[in-house]
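[1] Could you look at this predicted model? Sequence included:
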Amino acid sequence: MNYMKKQEATALKQMATQVGHFIRYWGFRKIHGEIWTLLYLSKKPLSGVELIDLLDVSKALVSPALKELHAEGLIQEVPSENAKVKRYAAVEDVGAVIKRILQTRERQMMDEIQIAFDGLDESRQPGLKEFVDSQRLQSMGEMIQAAHFGLSAILESEFIWNEK
């Protein structure tokens with residue numbers, strides 16, 4: 001951390017931690033958000049050792065997270081001045097990565113929810129009438145439709161993804 005004052009390093013780590021907490025809701029680990037934040041904000045590519053130092057975490061935590069972030073397309077390995085040192089930079093077009101994740105993961109979850117909901121069709125499951133409130137079942141169907149619509153609107157929005 002000799003290239004940054006402790007106060008700045010603490011503020012940067014706090015930002016990375018907050019993004020890490022947020023990214024957990026997306027099914028990633030906190031360390032993924034922390035690493036991505038530091039790489040995205042950094043003026044230069046960072047090595048694993050620099051990330052370990054900035055985040056004050058172990059190599060055992062950073063190494064697999066770097067591989068996972070690379071596999072997800074959120075970071076890339078960049079040329080280094082030393083062949084023994086791997087350096088990483090954040091992919092700047094995060095929108096494309098988010099869109100891919102929404103298309104593959106969230107859309108699949110919504111499709112599975114729809115299939116499960118369709119299995120609650122009272123005409124095919126007459127015994128459900130004894131247990132399930134029909135109005136609430138209808139309301140749940142409307143919520144599922146709204147979620148499908150919202151996800152589709154997000155994925156199709158050119159404004160959000162800067163596509164032309």
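    Okay, I see it. Note that the coordinates shown come from a computational prediction; the quantities given were computed from them, not determined experimentally.

[2] Just list what the longest helix along the chain packs against, helices and strands only.
    Counting residues, the longest helix found in the chain (DSSP state H) is helix 134-156. If contacts are counted by 3 or more CB pairs under 8 Å, 6 or more residues apart in numbering; DSSP states H and E, helix 134-156 sits against helix 107-118. Where you see a C-beta, it was placed from the backbone N, CA and C, and this is true even at glycine.

[3] where does the chain have low pLDDT?
    Low-confidence segments of the chain (pLDDT under 70): 1-4, 122-123, 158-164.

[4] residue ranges for the helices of it, please.
    Under DSSP H, the chain gives helices at 6-24, 30-41, 48-55, 59-71, 94-101, 107-118, 134-156, 158-161.

[5] Export those helices to CSV and append columns for distance to residue 86.
    CSV is the format used below for those (distance: least, CB to CB, whole Å):
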stretch, distance to residue 86
helix 6-24, 19
helix 30-41, 12
helix 48-55, 7
helix 59-71, 8
helix 94-101, 20
helix 107-118, 32
helix 134-156, 33
helix 158-161, 30
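
[6] Leaving out the residues flanking it, which one is nearest to the residue positioned nearest the centre of the chain?
    The chain has residue 26 as the residue nearest its centroid, 4.5 Å off, counting by CA atoms, centre = their mean. In space, residue 26 comes closest to residue 101 once its chain neighbours are excluded; the distance is 7.3 Å by CB to CB, 6 or more residues apart in numbering.

[7] I'd like the helices of the chain as CSV, with distance to residue 124 and mean neighbour count appended.
    What follows is these, written out as CSV (distance: least, CB to CB, whole Å; neighbours: other CB atoms under 10 Å):
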stretch, distance to residue 124, mean neighbour count
helix 6-24, 38, 15
helix 30-41, 42, 22
helix 48-55, 53, 18
helix 59-71, 41, 15
helix 94-101, 34, 15
helix 107-118, 9, 12
helix 134-156, 13, 12
helix 158-161, 39, 10
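
[8] for those, which one sits closest to residue 78?
    Relative to residue 78, the nearest member of the helices of the chain by CB to CB is helix 30-41, separated by 10.0 Å.

[9] Measure how the closest one sits relative to helix 6-24, angle-wise.
    Between helix 30-41 and helix 6-24, the angle comes out at 120 degrees (axes from the mean of the first three to the mean of the last three CA atoms, to 10 degrees).

[10] Helix 30-41 vs helix 94-101, what angle?
    150 degrees.

[11] Mind exporting the C-alpha coordinates of helix 30-41 to CSV?
    Coordinates of each C-alpha in helix 30-41 appear next as CSV, following Å, rounded to 0.1, in the frame of the first residue of the first chain:
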residue,chain,number,x,y,z
LYS,A,30,-18.7,-10.3,-1.5
ILE,A,31,-15.1,-10.6,-2.6
HIS,A,32,-16.2,-10.6,-6.2
GLY,A,33,-17.7,-7.1,-5.8
GLU,A,34,-14.7,-5.9,-3.8
ILE,A,35,-12.2,-7.0,-6.4
TRP,A,36,-14.3,-5.7,-9.3
THR,A,37,-14.7,-2.3,-7.7
LEU,A,38,-11.0,-1.9,-7.1
LEU,A,39,-10.1,-2.9,-10.7
TYR,A,40,-12.8,-0.7,-12.2
LEU,A,41,-11.8,2.3,-10.2
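
[12] Alright, I will stop here.
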